[in-house]
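>>> generate a structure from the sequence data that follows.
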Amino acid sequence: MTIWFVRFFFMAIAAAFGYQIGYTLPWLGASAGLMGALAGVALASALIGVEFVMKKISTQGLSAAVFGLLFGMIMARLVISTLELIPMGPQLTASFRSSVLVIFCYFGMAVAVRGRDEFNIIIPYVKFTRQDKHEELVILDTSVIIDGRIADICDTRFIEGKLIVPRFVLKELQQIADSQDPIKRNRGRRGLDVLARIQKIPHIDVRIQEEDFTDVREVDAKLVKLAKLVGGKVLTNDFNLNKVAELQGVQVLNINELSNALKPVVLPGELMEAKVLKEGKEYNQGVAYLDDGTMVVVEQGRHLIGQTVRVAVTSVLQTAAGRMIFAKPDEDPRTGSNNPRGR
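Predicted coordinates:
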């Protein structure tokens, strides 16, 4: 709303100046002031149109272009000073000056814009902060937003610092939400709802990072490049992104690793109750799941499908996908048979 007020105010000022200038030009006739005001409004509208077009240009890219322009002008001046030592005619000297200035300004801007990600001294990345206060930046991946558990973690205040949502991640979420596939569409809309929920949490600062790396196609590669640029951490549950980021020296916070670390610790010989839901891959196995989703493989438990029984843990296997528990039915010492609940 504020930007529209600024635009309206700018058009009003332009109309007033146009009226004043038109009034000083008597050859325009009796309607000189009105024509001047209309010309001012037209010029202001054209400038606002240019501003709309420039919305796609990032602040970092514009800053890099200005830096390259200044650098090109300085280099052109040095070269022109050298060329002035060579005796030439006035017209030839003027032509050389113009040509050298245009060439160096072009190359300066082109090189600066192409390598804008390396300019950490450019205005958008200059930060005046206390040296003893470190601000942690956490960059959210598309998968971890759709997963939704990040919102619950934010509610518990285990996440500190700023959460960064890159514009290209938000764009990917919107594309998923607009998909023709109903499953993908629901996942995308869930991700947008999770973002809206996180933004409403009072102690969480969520920022939209506008910078996009047009020379990089993959979203995962863009995330790693952004994390290296701003010195942040990537929050994800994508196993492949986790490995790629670690290979490039980027710190990763993995939701699945956190979830596995918080699962209850069970030891061989410990007793627990589990409902056998289906048969396992091996002969006469049954499969059950704990409340947190941990798989329990029950040996000799195929005939117990559909029953909640007490089992004894035989071993625990920790994998990259999570924890897997192997168990066997606990036999009642009085009857020599397993003891299903409710019997």
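
>>> so Val309 sits right up against Val276, yeah?
Yes. The pair Val309 / Val276 is scored as a contact, 6.6 Å apart, by CB atoms under 8 Å. For glycine as for every other residue, the C-beta is placed from the backbone atoms N, C-alpha and C.

>>> more neighbours, those two?
Remark: of Val309 and Val276, Val276 carries more neighbours, 25 against 22, as counted by other CB atoms under 10 Å.

>>> which residues does that one bridge with?
Ala288 (DSSP bridges).

>>> for it, give its distance to Ala327.
Spatial separation of Val276 from Ala327 under the definition CB to CB, to the nearest Å is 10 Å.

>>> tell me the secondary structure at Gly269.
Judged by DSSP: H, G, I helix; E, B strand; the rest coil, the three-state class of Gly269 is coil.

>>> can you give me the distance of it to Val316?
The value you get for Gly269 to Val316, if CB to CB is used, is 11 Å.

>>> more crowded one of those two?
Using other CB under 10 Å as the criterion, Gly269 and Val316 rank with Val316 on top: 16 against 8.

>>> grab the nearest non-local neighbour of the more buried one.
Ile325 (5.5 Å; CB to CB, 6 or more residues apart in numbering).

>>> same check on Lys162?
For Lys162, the nearest residue in space outside its immediate sequence neighbours is Asp205; the separation is 4.7 Å by CB to CB, 6+ apart.

>>> that neighbour touches Leu163, doesn't it?
Yes. Using CB under 8 Å, Asp205 and Leu163 qualify as a contacting pair, with a distance of 6.9 Å.

>>> residue ranges with poor pLDDT in the chain?
Applying pLDDT under 70 to the chain flags the ranges 1-2, 23, 25-30, 54-61, 115-135, 161, 264, 292, 319-322, 332-343.

>>> so which strand or helix has Asn186?
Using DSSP states H and E, the element containing Asn186 is helix 182-199.

>>> would you mind listing the buried residues in that helix?
For helix 182-199, a neighbour-count test (16 or more other CB atoms under 10 Å) marks 187-192, 194-195, 197-198 as buried.

>>> now do stretch 82-102
96-97, 100-101.

>>> can you map out the strands along the stretch 51-200 of the chain?
Shown for the stretch 51-200 of the chain, the strands assigned by DSSP state E, counting those that start in this stretch span residues 137-140, 162-166.

>>> direction included, what does the last one pair up with?
If I follow you right, that is strand 162-166. Take DSSP bridges as the rule and strand 162-166 pairs in its sheet with strand 137-140 (parallel), strand 205-209 (parallel).

>>> between those strands, which gets nearest to Gly108?
Closest approach to Gly108 among these is made by strand 205-209 (26.5 Å; CB to CB).

>>> quick one: name whatever helix or strand follows the closest one.
Secondary structure here is assigned by DSSP H and E; on that basis, the next helix or strand after strand 205-209 toward the C-terminus is helix 219-230.

>>> okay, the angle between that next one and strand 162-166?
Between the axes of helix 219-230 and strand 162-166, defined by axes from the mean of the first three to the mean of the last three CA atoms, to 10 degrees, the angle is 130 degrees.

>>> for helix 219-230, which positions count as buried?
Here helix 219-230 shows 219-220, 222-227, 229 as buried, counting by 16+ other CB under 10 Å.

>>> so how far is Leu78 from the residue nearest the centre of the chain?
Against the mean C-alpha coordinate of the chain, by CA atoms, centre = their mean, the closest residue is Pro166 at 2.5 Å. When CB to CB is the yardstick, Pro166 and Leu78 sit 39 Å from each other.
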